[in-house]
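Asker: Show me how the following folds:
(chains A and B)
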Amino acid sequence: DSGVTQTPKHLITATGQRVTLRCSPRSGDLSVYWYQQSLDQGLQFLIQYYNGEERAKGNILERFSAQQFPDLHSELNLSSLELGDSALYFCASSVGVYNQPQHFGDGTRLSIL
Amino acid sequence: DQQVKQNSPSLSVQEGRISILNCDYTNSMFDYFLWYKKYPAEGPTFLISISSIKDKNEDGRFTVFLNKSAKHLSLHIVPSQPGDSAVYFCAAPSPNFGNEKLTFGTGTRLTIIP
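Answerer: Next comes the predicted model:
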């Protein structure tokens, strides 16, 4: 058990819709990272938050946004969904701002029909 | 542009033998590398890392070798055990951002045959 909790585990929705993925970091971790893994691809870094502030941005589409709340949980919002957004979305956490992501959640599998 | 490449999608190894997983990179600015292990329906778990000032780092049954001139690193697992069956990803931090922005390879699925 990594201590990182992601909900929901599975999400099925249609094109054009909007979804919110939720992540609770491991206790004591201040950094949250979001990664996307599409079929046969490596994990693609999307965005990092540290203690409520955006810290680093990767290949995150403008249709996607994220935030980290005062209790340190984070949400990834995906809107105007397209078929190509179907993927596994992982959240990870670490103690500091410069640490590598140590603890990953089990992921949310998003399927767009 | 895949800056970190794992060209073998899968590998099968007999239990007790050595497993060698390979990773190539294109960005010569990468100076730190990590390996993650992922079981089905779980997130990746950090396994071992190596800095470019070293050419070898060992942790129990796991050893990572780095060949900077060839831009190649490998993970050796010896002896291989059934519990090592998983997908292994190599990763490198972005030279511009550091550890918070990792570039991952596509992974190699290792199957240990009892």
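
Asker: What are the buried residues along the helix or strand containing residue B:50?
Answerer: Assigned by DSSP states H and E, residue B:50 belongs to strand B:45-51. Of the residues in strand B:45-51, B:46-50 count as buried by neighbour count, 16 or more other C-beta atoms under 10 Å in any protein chain shown. In this view, the C-beta of every residue, glycine as well, is placed from N, C-alpha and C.

Asker: next one: that strand to chain centre, how far?
Answerer: 8 Å (C-alpha atoms, centre = their mean, to the nearest Å).

Asker: Count the residues that sit near residue A:62.
Answerer: Residue neighbour count, defined by other C-beta atoms under 10 Å in any protein chain shown, stands at 7 for residue A:62.

Asker: For residue A:92, see how far away it is.
Answerer: 23 Å (C-beta to C-beta, to the nearest Å).

Asker: Same check on residue A:18?
Answerer: Using C-beta to C-beta, one obtains 23 Å as the distance from residue A:18 to residue A:92.

Asker: same question, residue B:89
Answerer: 12 Å.

Asker: and what of residue B:9?
Answerer: With C-beta to C-beta as the criterion, residue B:9 and residue A:92 are 23 Å apart.

Asker: Comparing those two, which residue is more hemmed in?
Answerer: For residue B:9 versus residue A:92, neighbours defined as other C-beta under 10 Å are more numerous around residue A:92 (30 against 11).

Asker: And for the host helix or strand of the more buried one, what's in contact with it?
Answerer: Following DSSP H and E, one finds residue A:92 within strand A:87-94. Strand A:87-94 has contacts (C-beta atoms under 8 Å, 6 or more residues apart in numbering or on different chains) with A:3-4, A:6, A:21, A:23, A:25-26, A:29, A:31-39, A:43, A:74, A:76, A:100-105, A:107-110, B:43-44.

Asker: switch the cut-off to 6 Å
Answerer: A:4, A:6, A:21, A:23, A:25-26, A:29, A:31-38, A:101-105, A:107-109, B:43 (C-beta atoms under 6 Å, 6 or more residues apart in numbering or on different chains).

Asker: Give me the residue at the spatial middle of chain A.
Answerer: The centroid of chain A falls nearest to residue A:34 when counting by C-alpha atoms, centre = their mean (3.3 Å).

Asker: Can you give me the neighbour number for the residue nearest to that one when sequence neighbours are not counted?
Answerer: Distance criterion C-beta to C-beta, 6 or more residues apart in numbering or on different chains; nearest residue to residue A:34, sequence neighbours excluded, is residue A:46 at 4.2 Å. Residues near residue A:46, counting by other C-beta under 10 Å, number 22.

Asker: From what I see, residue A:46 and residue A:60 are in contact.
Answerer: Yes - Residue A:46 is within contact range of residue A:60, at 4.4 Å (criterion: C-beta atoms under 6 Å).

Asker: and the residue of chain A nearest chain B?
Answerer: Residue of chain A nearest chain B, by C-beta to the nearest C-beta: residue A:104 (2.9 Å).

Asker: List the single closest residue to that residue in space, sequence neighbours excluded.
Answerer: residue B:43 (2.9 Å).

Asker: which residues touch that neighbour?
Answerer: A:90, A:104-107.

Asker: Which strands or helices does the worst-scoring helix or strand of chain A on mean pLDDT pack on?
Answerer: Every helix and strand of chain A was ranked by mean pLDDT, DSSP states H and E. The lowest is strand A:103-104, at a mean of 88. Counting contacts by 3 or more C-beta pairs under 6 Å, 6 or more residues apart in numbering or on different chains; DSSP states H and E, strand A:103-104 is packed against strand A:87-94.
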